[in-house]
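Q: Fold the following, please.
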Amino acid sequence: MAKIGFIGLGNMGGPMVRNLLKAGHAVAAFDLSAARLDQAAKDGAARARSAAEAAGGRDAVITMLPAGAQVRAVYTGEVIGAVSPGTLLVDCSTVDVASARAVGAAAGAAGLDMLDAPVSGGVAGAEAGTLTFMVGGSAGAFARAEPVLKTMGKTVVHAGAIGAGQAAKICNNMILGISMIAVSEGFALGEKLGLDPAKLFEISSKSSGQCWALTTYCPEPGLVPTAPSNREYRPGFSAAMMLKDLRLAQEAAATSGAATPLGAEASALYALYCNAGNAESDFSGIIRMIKGR
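A: Numbering: from 1, shown residues only. Sure, this is the predicted structure:
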């Protein structure tokens, strides 16, 4: 089994480390939060005192960090200079495509293979080991990483060159954000028209309105037992994280010249929802704003 350094032990990183440990990998973990580091140590990870210490002497380094600025700082400031030759670098954060490519170029200049491998599936997927990994980088690096990624995820897809993983992630989550708003509007309209939400679900889930936001993550309570709508919209995947991804999509659209009018509107609506004090609720909770609640 591999010796892995893991940096970033938040809501996603912590469960990912547990799945690596369950698979028999030796993990050295680091996070700025002492409480998160304590939990990783209880789970069986070795406690590192810095990102550089977590990375040194490892077969692979995996990061799960908040944003592009942190990814750039951790890799260019600590990790790339600390690792042994041949160490594989895998960033699972969701960041802007430019940051992924810049850090990948820095790793390449140091003779290291690097992948950008953002995930979909939320905290539940991280805990269950059923994440989807969207991976950008060389075919050789992907082949090296795939067995490790499969200990944390159910689906691992090579999307293309470095940066392609981030591109796939922001496109996917823009689709999801728009879809969730559409489903929420459908239930809001149905309510105003006196339609039983269970009947709307029964019809739409088997008709042309069917989508993941409806059948797996329904924002209307009482219809999909595992959905956050049945737990007072506790995340899951927070509205703040959805807004982050929608803004990344809009940034990419602006720089690439792509037309994404519904993506722009979804970003604006999630900004309103978050600014009203709902940033830490599940993103499906936007149905409450759409219903005027």
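Q: Could you identify the longest strand within the chain?
A: strand 153-160 (DSSP state E).
Q: what comes into contact with that one?
A: Residues outside strand 153-160 that contact it (Cβ atoms under 8 Å, 6 or more residues apart in numbering) are 119, 121, 125, 129-137, 139, 142, 146, 149-150, 165, 167-168. The C-beta positions use only the backbone N, C-alpha and C, and glycine is treated the same way.
Q: Sort out for me which of those are in helices.
A: Gly125, Ala139, Phe142, Glu146, Leu149, Gly165, Ala167, Ala168 (DSSP state H).
Q: quick one: which two of those are the most distant?
A: Using Cβ to Cβ, the two most remote members of those are Gly125 and Ala139, lying 25.3 Å apart.
Q: So for the two, which residue has more residues nearby?
A: With neighbours defined as other Cβ atoms under 10 Å, Gly125 and Ala139 compare such that Gly125 has more, 21 against 10.
Q: Quick one: residues contacting that one.
A: Taking Cβ under 8 Å, 6+ apart as the test, what Gly125 contacts is Val119, Leu131, Thr132, Gly153, Lys154.
Q: part of a helix, is Leu269?
A: Yes - counting by DSSP: H, G, I helix; E, B strand; the rest coil, Leu269 is part of a helix.
Q: Which residue ranges of this structure form helices?
A: Going by DSSP H, the chain shows helices at 13-22, 34-43, 51-55, 68-74, 80-82, 97-109, 122-128, 139-149, 164-192, 197-204, 212-215, 239-256, 261-273, 286-290.
Q: from those helices, which stretch is densest packed?
A: Of all the helices of the chain, helix 51-55 has the most neighbours on average by mean count of other Cβ atoms under 10 Å, namely a mean of 24.
Q: and it, average pLDDT?
A: Across helix 51-55, pLDDT averages out at 97.
Q: Check stretch 189-196 too.
A: Stretch 189-196 comes out with an average pLDDT of 98.
Q: Kindly report the same for stretch 101-110.
A: 97.
Q: How about residues contacting that stretch?
A: Contacts with stretch 101-110, where a contact means Cβ under 8 Å, 6+ apart, come from 71-72, 75-76, 80-81, 89, 91, 113-114, 116, 136-137, 162-163.
Q: Filter the residues you listed down to the buried ones.
A: 71-72, 75, 80, 89, 91, 113-114, 116, 136-137, 162-163 (16 or more other Cβ atoms under 10 Å).
Q: mind giving me JSON lines with those and columns for pLDDT and distance to Asp59?
A: Formatted as JSON lines, those follow (pLDDT from 0 to 100; distance: Cβ to Cβ, whole Å):
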{"residue": "Val71", "pLDDT": "97", "distance to Asp59": "20"}
{"residue": "Arg72", "pLDDT": "97", "distance to Asp59": "23"}
{"residue": "Tyr75", "pLDDT": "98", "distance to Asp59": "17"}
{"residue": "Ile80", "pLDDT": "97", "distance to Asp59": "16"}
{"residue": "Leu89", "pLDDT": "98", "distance to Asp59": "11"}
{"residue": "Asp91", "pLDDT": "98", "distance to Asp59": "16"}
{"residue": "Asp113", "pLDDT": "97", "distance to Asp59": "12"}
{"residue": "Met114", "pLDDT": "98", "distance to Asp59": "14"}
{"residue": "Asp116", "pLDDT": "98", "distance to Asp59": "19"}
{"residue": "Gly136", "pLDDT": "98", "distance to Asp59": "20"}
{"residue": "Gly137", "pLDDT": "98", "distance to Asp59": "16"}
{"residue": "Ile162", "pLDDT": "97", "distance to Asp59": "20"}
{"residue": "Gly163", "pLDDT": "96", "distance to Asp59": "24"}
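Q: Cool, thanks, signing off.
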